[in-house]
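Asker: Here is a sequence together with a model predicted from it:
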Amino acid sequence: MRCGSRRRRSSLIVGAADAIRAEALSIGFDAVGFARAHLGAEVRERLMHFLAEGRHGSMGWMADRAEQRAHPQALWSEAVSVVVLGLNYGPDSDPLETLAQRDRATVSVYARNRDYHDVLKKRLKALARWMVARWPDAGVKVFVDTAPVAEKPLAQAAGLGWQGKHTNLVSRGLGSWLFLGEVFTTLDLGAGEAERDHCGSCRACLDACPTAAFPAPYELDARRCISYLTIEHRGPIDVALRPLMGNRIYGCDDCLAVCPWNKFAQAHSEPAFAPRDALRAPLLADLAALDDGAFRAMFSGSPVKRIGRDRFVRNVMVAVGNSADASLRETAQALCEDADPVVAEAARWAAERLEGLR
């Protein structure tokens, strides 16, 4: 969303940040902060190292627009300030409890109901409209994880939290469960105090990763990350990584869930984030039986829908192969000749893993 691109305001608007904070909280955001539309050289260096090591895998879009990601004003030259907003999606139960239920699937907390992009964007647009009504000369643009915005560094600069050793944002007040969105603006709103790192010597998140996706603290190799493998990665999943994935079929919450700062986390209050009963602990056999139409119907309005039936069922087949449940071998065999060759290969792998079990 863009509401005007009028002349840039260079002088600080006294009281504007407090007014915007109050309005954002009234709209339903849980955290509000302000940052300059500028990031230090260390953000670019960290990004370029990540890309140079090939750790972005097949996410070529990260390399294609790296300069815009590292420099907010390269994305929009007129931006002066960034309003960074957070929305709590804290789970109402242990997000890892289904990992032991091997005939069932584990879906990442954020994807168990409505697509958060839709929820955040609606509120961001409401705040942006309010800002333009209050300051008619203001230019604004809103972003929700769909443009090359360095959301986590901006959130840290705005004081919402810090990037932990798992590279995700951690909030002292809300723990690991925070969706982020931004309003870029031509208004000068000043800047909050950046949050410092509070990880200390803790390495719980690093040790919890099932696939050892962290080469070092504060570094992620997406090519080994279950979230990347189940969502972004197309084609067959590395056979060496499959047994490590367990029954995680869409995303992974392990590194987030074990963070000690979650002792301050709260369950969300947003109805759109309440998990659908069908996604709390769905049976692998039921998910494997989905054809394209049934998949689309089941995941209408869900972020899961974007990966499509074939990639989704590929993930389910990996979980079936890890189930050690002989009764699921028939489920795998039914898909060994699937029209999608990647699904068929994963099904054959699963059937072979379950062969001979009683």
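Answerer: The structure has been received and is ready for your questions. Residues are numbered from 1 along each chain as shown.

Asker: And Ala19, how far from Val170?
Answerer: Distance, Ala19 to Val170, using C-beta to C-beta, to the nearest Å: 28 Å. Where C-beta positions appear, they are placed from N, C-alpha and C, glycine not excepted.

Asker: More neighbours: which of the two?
Answerer: Val170 (28 against 15; other C-beta atoms under 10 Å).

Asker: which stretches of the stretch 1-150 of the chain have low pLDDT?
Answerer: Within the stretch 1-150 of the chain, the segments meeting pLDDT under 70 span 1-10.

Asker: which stretches of it form strands?
Answerer: 31-36, 81-88, 106-107, 140-143 (DSSP state E, counting those that start in this stretch).

Asker: relative orientation of the helix ranked longest in the chain and strand 31-36 in degrees?
Answerer: Longest helix in the chain, counting residues (DSSP state H): helix 116-134. Using axes from the mean of the first three to the mean of the last three C-alpha atoms, to 10 degrees, the direction of helix 116-134 lies 60 degrees away from that of strand 31-36.

Asker: one step back: present the strands of the stretch 1-150 of the chain as CSV; the columns should include distance to Val342 and mean neighbour count.
Answerer: Converted to CSV, those look like this (distance: least, C-beta to C-beta, whole Å; neighbours: other C-beta atoms under 10 Å):
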stretch, distance to Val342, mean neighbour count
strand 31-36, 40, 23
strand 81-88, 34, 26
strand 106-107, 20, 28
strand 140-143, 32, 24
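
Asker: Out of those, which gets nearest to Val316?
Answerer: strand 106-107 (10.9 Å; C-beta to C-beta).

Asker: Parallel or antiparallel, list what pairs with that closest one.
Answerer: Using DSSP bridges, the strands paired with strand 106-107 are strand 248-250 (parallel).

Asker: Distance from the partner strand to the middle of the chain?
Answerer: 13 Å (C-alpha atoms, centre = their mean, to the nearest Å).

Asker: next SSE after it?
Answerer: As assigned by DSSP states H and E, the chain's next helix or strand after strand 248-250 is helix 254-257.

Asker: residues in contact with that following helix?
Answerer: Here helix 254-257 makes contact (C-beta atoms under 8 Å, 6 or more residues apart in numbering) with 94-96, 166, 168, 176-177, 205-206, 208-210, 214, 262.

Asker: what's the closest of these to Val32?
Answerer: Trp177 (16.7 Å).

Asker: The closest one contacts Val109, correct?
Answerer: Yes. With contact defined as C-beta atoms under 8 Å, Trp177 and Val109 form a contacting pair (7.1 Å).

Asker: what sits in contact with each of those two?
Answerer: With C-beta under 8 Å, 6+ apart, Trp177 and Val109 have common neighbours Tyr89, Pro91.

Asker: buried set for stretch 175-190?
Answerer: Residues 175-189 are the ones in stretch 175-190 that count as buried (16 or more other C-beta atoms under 10 Å).

Asker: out of those residues, which are inside strands?
Answerer: Among the buried residues of stretch 175-190, the members found in strands (DSSP state E) are Leu178, Phe179, Leu180, Gly181, Glu182, Val183, Phe184, Thr185.

Asker: tell me which of those residues is nearest to Leu290?
Answerer: Checking these against Leu290 by C-beta to C-beta gives Phe179 as the nearest, at 27.0 Å.

Asker: quick one: contacts for the nearest residue to the closest one once chain neighbours are set aside?
Answerer: Nearest residue to Phe179, sequence neighbours excluded (C-beta to C-beta, 6 or more residues apart in numbering): Leu87, at 4.5 Å. Counting by C-beta under 8 Å, 6+ apart, Leu87 touches Gly28, Phe29, Asp30, Ala31, Tyr116, Val119, Leu120, Arg123, Leu178, Phe179, Gly181, Glu270.

Asker: ditto for Ala351
Answerer: Contacts of Ala351 (C-beta under 8 Å, 6+ apart): Gly321, Arg329, Ala332, Gln333, Cys336.

Asker: For it, which non-adjacent residue is spatially closest?
Answerer: Among residues not flanking Ala351 along the chain, Ala332 sits closest, at 4.1 Å (C-beta to C-beta, 6+ apart).

Asker: number of nearby residues for the one you found?
Answerer: 26.

Asker: still on that earlier bit, which strands or helices does the longest helix of the chain pack on?
Answerer: Applying 3 or more C-beta pairs under 8 Å, 6 or more residues apart in numbering; DSSP states H and E, one finds that helix 116-134 contacts helix 16-27, strand 81-88, strand 140-143, strand 178-185.

Asker: need those in TSV with distance to Leu241, can you?
Answerer: Compiled in TSV, those are given as follows (distance: least, C-beta to C-beta, whole Å):
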stretch	distance to Leu241
helix 16-27	41
strand 81-88	32
strand 140-143	32
strand 178-185	27
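
Asker: just so I know, which of the ones you listed lies nearest Trp130?
Answerer: helix 16-27 (5.4 Å).
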